[in-house]
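K.L.:
here's a sequence, model it:
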Amino acid sequence: MKLRTTDLTAAAMFVALMAVGANITSIAPFLVVGGVPITLQTFFAILAGVVLGSRLGAIAMMVYAFVGLVGVPVFAKFGAGFGQIISPTFGFIVSFIFTAFATGYIVEKMKKTAGVYVFAALVGMAINYVFGTNWMYAAYKVWASAPDGFTYKMAWLWMVVPLPKDIILAILAGLMGHRLERTLSRSQFSNYRKVS
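P.N.:
Okay, the predicted model is just below:
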């Protein structure tokens, strides 16, 4: 896969946006429920997929994860370092790769309508929730210290709080991606979006 300068720039832009979106809680610390920060990461991961396409979007999310793991404080609460892998919420970071890829893939393979973009965004959000929540549950059960009375149901109840926000932002990301489609189809990284 040959990446051009514009591809690298676009991917870097989304890495930066993910870092900003991850740390909304730095100015609103009350936006943490059950140890899960309410962030804008899902929104930007979805947007990466619909804007950059499946491959470049996934690459951007992999770079984001790598940058955080090597010590740059780009994760939620300015977290960083290889030790983040054992965090119960690290599954959400991993899920962003699949979220961006799946969202971009659906957009690439189906008709370029607003409905398809919104559908792709909601699928991406669902992947983020399913992967991240199950990772969190497994982490608390296997290697992390679980809260008293922690159950699988409780893990999902924690996710109810950010759910309305993420649904709205996923729909917004889909609509924004659809509006940008014509402009991006003429861009130099359009070869990664497979625009028909």
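K.L.:
report pLDDT for Arg179.
P.N.:
pLDDT recorded at Arg179 is 89.
K.L.:
host element of it?
P.N.:
helix 163-185 (DSSP states H and E).
K.L.:
any idea which helix is longest in this protein?
P.N.:
Using DSSP state H, we find that the single longest helix of the chain is helix 114-142.
K.L.:
next SSE downstream of that one?
P.N.:
helix 152-158.
K.L.:
helices and strands around that next one, which ones?
P.N.:
Counting contacts by 3 or more CB pairs under 8 Å, 6 or more residues apart in numbering; DSSP states H and E, helix 152-158 packs against helix 114-142. (Each C-beta comes from the backbone N, C-alpha and C, glycine too.)
K.L.:
before we move on, what SS does the closest residue to Ala144 other than its chain neighbours have?
P.N.:
Leaving out its chain neighbours, the residue that sits closest to Ala144 by CB to CB, 6 or more residues apart in numbering is Pro88, at 4.9 Å. Secondary structure, DSSP: H, G, I helix; E, B strand; the rest coil: Pro88 is coil.
K.L.:
hang on, Pro88 packs against Ser145?
P.N.:
No. Applying CB atoms under 8 Å, one finds Pro88 not in contact with Ser145, separated by 9.4 Å.
K.L.:
which of the two has more neighbours?
P.N.:
More crowded of Pro88 and Ser145, by other CB atoms under 10 Å: Pro88, with 22 against 8.
K.L.:
please name the residues that touch the more buried one.
P.N.:
Neighbour list for Pro88: 35, 135-136, 139-140, 144 [criterion: CB atoms under 8 Å, 6 or more residues apart in numbering].
K.L.:
for ChimeraX, what selects the buried ones among those?
P.N.:
Remark: buried members of the contacts of Pro88, expressed as a ChimeraX selection using 16 or more other CB atoms under 10 Å:
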select :135,136,139,140,144
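K.L.:
would you turn the contacts of Pro88 into TSV with pLDDT and distance to Ala121?
P.N.:
Listed next are the contacts of Pro88 as TSV, based on pLDDT from 0 to 100; distance: CB to CB, whole Å:
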residue	pLDDT	distance to Ala121
Gly35	62	26
Trp135	96	21
Met136	95	22
Ala139	95	27
Tyr140	94	29
Ala144	91	30
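K.L.:
from the contacts of Pro88, which two are the most distant?
P.N.:
Largest separation among the contacts of Pro88 by CB to CB: Gly35 and Trp135, giving 12.9 Å.
K.L.:
about what we covered before: now do the longest helix of the chain: which elements does it pack against?
P.N.:
Using 3+ CB pairs under 8 Å, 6+ apart: helix 114-142 touches helix 41-52, helix 90-109, helix 152-158, helix 163-185.
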